[in-house]
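Trainee: prediction below, plus the sequence it came from.
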Amino acid sequence: MKFRSLGLAAGMALLAGSAFAQITTIEGIAKDPTGKPIEKAEVQITRTDIKGSYKTKTDKKGHYLYMGLPMGTYTIDLYVDGKKMDSVSKVQTRPGDPIPVNFDLKAAAQDNAAKQAEMAKAVETGQLTKEQERSLSPEQKAAMEKQIKERQQQMAKNKELNDAYNAGMDAMTQKNYPAAVEALTKASIAGPEQVAVWSQLGEAHVQLAKTKTGPDFDAEIAKALEAYQKSIELKPDDAGAHNNFALALGQAKKFDQMQAELKKAAELDPQNAGKYYYNLGATLVNTGQVAPAQEAFKKAIELQPTYADAYYQYGVTLVGQAKVDTATGKVTPVPGTIEAFQKYLELAPTGTYAQSSKEMMESLGGTLQTNFTDPNAKKKTPPKKK
């Protein structure tokens, strides 16, 4: 049987998640018992319909904003100095403008609380009622008008941020990457503290780079790396951000840094560590580092025993270690090679690599032709028997 030429192949398993999923925004203002804004309070946002948790902090004005939340139902908790101070449950998100969730810790009588709510409404709408104006001293009225002005400025800024972000996401959906980069860049200026903005800007630059060559390609990838680095600075424990950063580093051929980022992602997200190690193995294969790639695929299998593609790629890395008898041409694979391809077929009988796995197994079970025969050579006539 003629032995096929066996090459190494590996694909990248992308974990960025759907960049175009429907998302929403929650924002609000936190006040202490005296009515002052609470700076650096922690706002924990917990999804209750399915598992999911997010965190952010209030600014010096007590304002917080979290973009990029999946549509769902949430409980919003306010923590001050590590202590839970207030909670709002059953917050149902929706597309469009941000969902307001405010915290007011003022422990006042019901009438005072009602007045505070009325004042908050005035700030929200930008208008004081005649009754409110009569009840305020000149100093209080000036302070309220200042607060209303600041609120209006904040709302205008948030609208600019939301409009730019949504325009960028729409452009990504339409694969109009130049427009996506332009809009998301505007969003990054309006909301430089937003992780979602930097993450999507990085993805937009990566996609745009794929349409470029030479120095233009390098320039776009460099901008993608800057955006991903910013997202990691804002949320260093985000495994997905480290993975996406690693894939962009691979595009820039910065393979050592890429390996470090993928290992970091695996440490942060043990549940999906197998996929991160698969990405690492794929990178190593594509850079000619077969032995380390073999270990990475093996690690991916250990961490995720049902990861079919990892078995196939592990088997491919073992093929190169097969022994060939020069006399008979018989191929003897190292232990684990056939088993890897068999496991792939068991897990993905109609998968991308199903046919290739069968051919690998057939080739390894046969013999390798080691002597070349010229099919055009004249055949010699055998001697006649006497």
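Mentor: Everything's here; your move.
Trainee: buried sites along stretch 69-82?
Mentor: Across stretch 69-82, burial judged by 16 or more other Cβ atoms under 10 Å covers 69-70, 74-80. Using the backbone N, CA and C atoms, a C-beta is placed for each residue, glycine as well.
Trainee: next: stretch 96-103.
Mentor: By 16+ other Cβ under 10 Å, the buried positions in stretch 96-103 come out as 98-99, 101-103.
Trainee: same question, stretch 232-243
Mentor: Residues 232, 234-235, 238-243 are the ones in stretch 232-243 that count as buried (16+ other Cβ under 10 Å).
Trainee: distance of Glu226 from Ala340?
Mentor: From Glu226 across to Ala340, the span is 40 Å (Cβ to Cβ, to the nearest Å).
Trainee: packing partners of the helix or strand Tyr276 falls within?
Mentor: Following DSSP states H and E, one finds Tyr276 within helix 273-286. For helix 273-286, the packing partners by 3 or more Cβ pairs under 8 Å, 6 or more residues apart in numbering; DSSP states H and E come out as helix 239-251, helix 255-268, helix 290-303, helix 308-319.
Trainee: mind exporting the second one as PDB, just the C-alpha atoms?
Mentor: Think helix 255-268. Provided in PDB are the C-alpha atoms of helix 255-268 (Å, rounded to 0.1, in the frame of the first residue of the first chain):
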ATOM      1  CA  PHE A 255       4.500  34.000  19.600                       C
ATOM      2  CA  ASP A 256       6.300  34.100  23.000                       C
ATOM      3  CA  GLN A 257       3.900  36.700  24.300                       C
ATOM      4  CA  MET A 258       1.000  34.800  22.700                       C
ATOM      5  CA  GLN A 259       1.900  31.700  24.700                       C
ATOM      6  CA  ALA A 260       2.100  33.600  27.900                       C
ATOM      7  CA  GLU A 261      -1.400  35.200  27.400                       C
ATOM      8  CA  LEU A 262      -3.000  31.800  26.500                       C
ATOM      9  CA  LYS A 263      -1.600  30.300  29.700                       C
ATOM     10  CA  LYS A 264      -2.900  33.200  31.700                       C
ATOM     11  CA  ALA A 265      -6.300  32.700  30.100                       C
ATOM     12  CA  ALA A 266      -6.200  29.000  31.100                       C
ATOM     13  CA  GLU A 267      -5.300  29.900  34.700                       C
ATOM     14  CA  LEU A 268      -8.200  32.500  34.900                       C
END
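Trainee: can we start the residue count at 14 from this point?
Mentor: Yep, numbering from 14; the last one is helix 268-281 now.
Trainee: that one: how far from the chain's middle?
Mentor: 14 Å (Cα atoms, centre = their mean, to the nearest Å).
Trainee: that one to helix 286-299, inter-axis angle?
Mentor: 170 degrees (axes from the mean of the first three to the mean of the last three Cα atoms, to 10 degrees).
Trainee: same question for the last one.
Mentor: What separates the directions of helix 321-332 and helix 286-299 is an angle of 40 degrees, with the same axes, to 10 degrees.
Trainee: contacts for helix 321-332?
Mentor: 19, 21-24, 26, 287, 290-291, 294-295, 298, 303-304, 306-307, 310-311, 313-314, 317, 346-347, 349-351, 353-354, 356-357, 360-361, 364-366, 369-370, 373, 377 (Cβ atoms under 8 Å, 6 or more residues apart in numbering).
Trainee: report all helices and strands that the helix or strand following that helix contacts.
Mentor: The helix or strand immediately downstream of helix 321-332 is strand 336-337, counting by DSSP H and E. Applying 3+ Cβ pairs under 8 Å, 6+ apart, one finds that strand 336-337 contacts strand 344-345.
Trainee: double-check Phe310 against Gly294; I have them as touching.
Mentor: Yes - proximity of Phe310 to Gly294 meets the contact threshold set by Cβ atoms under 8 Å, at 4.2 Å.
Trainee: from the buried residues of stretch 82-95, which land in strands?
Mentor: 82-83, 87-93 (DSSP state E).
Trainee: list just the nearest of the residues you listed to Glu206.
Mentor: Leu82 (15.3 Å; Cβ to Cβ).
Trainee: nearest spatial neighbour of that closest one, chain-adjacent residues omitted?
Mentor: Thr37 (5.2 Å; Cβ to Cβ, 6 or more residues apart in numbering).
Trainee: flag the shaky bits of the stretch 114-263 of the chain, pLDDT-wise.
Mentor: 120-143, 145-149, 154, 157, 165 (pLDDT under 70).
Trainee: returning to that earlier point: which of the contacts of helix 321-332 are buried?
Mentor: By 16+ other Cβ under 10 Å, the contacts of helix 321-332 give 19, 23, 26, 287, 290-291, 294-295, 298, 303, 306-307, 310-311, 313-314, 317, 346, 350-351, 353-354, 356-357, 360-361, 366, 369-370, 373, 377 as buried.
Trainee: output the longest helix belonging to the protein.
Mentor: Criterion DSSP state H: the longest helix present in the chain is helix 151-186.
Trainee: against which helices or strands is it packed?
Mentor: Counting contacts by 3+ Cβ pairs under 8 Å, 6+ apart, helix 151-186 packs against strand 36-44, strand 76-83, helix 123-138, helix 190-203, helix 208-222.
Trainee: any chance of these in a markdown table with distance to Ile51 as columns?
Mentor: As requested, these are exported to a markdown table (distance: least, Cβ to Cβ, whole Å):
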| stretch | distance to Ile51 |
| --- | --- |
| strand 36-44 | 4 |
| strand 76-83 | 10 |
| helix 123-138 | 15 |
| helix 190-203 | 24 |
| helix 208-222 | 22 |
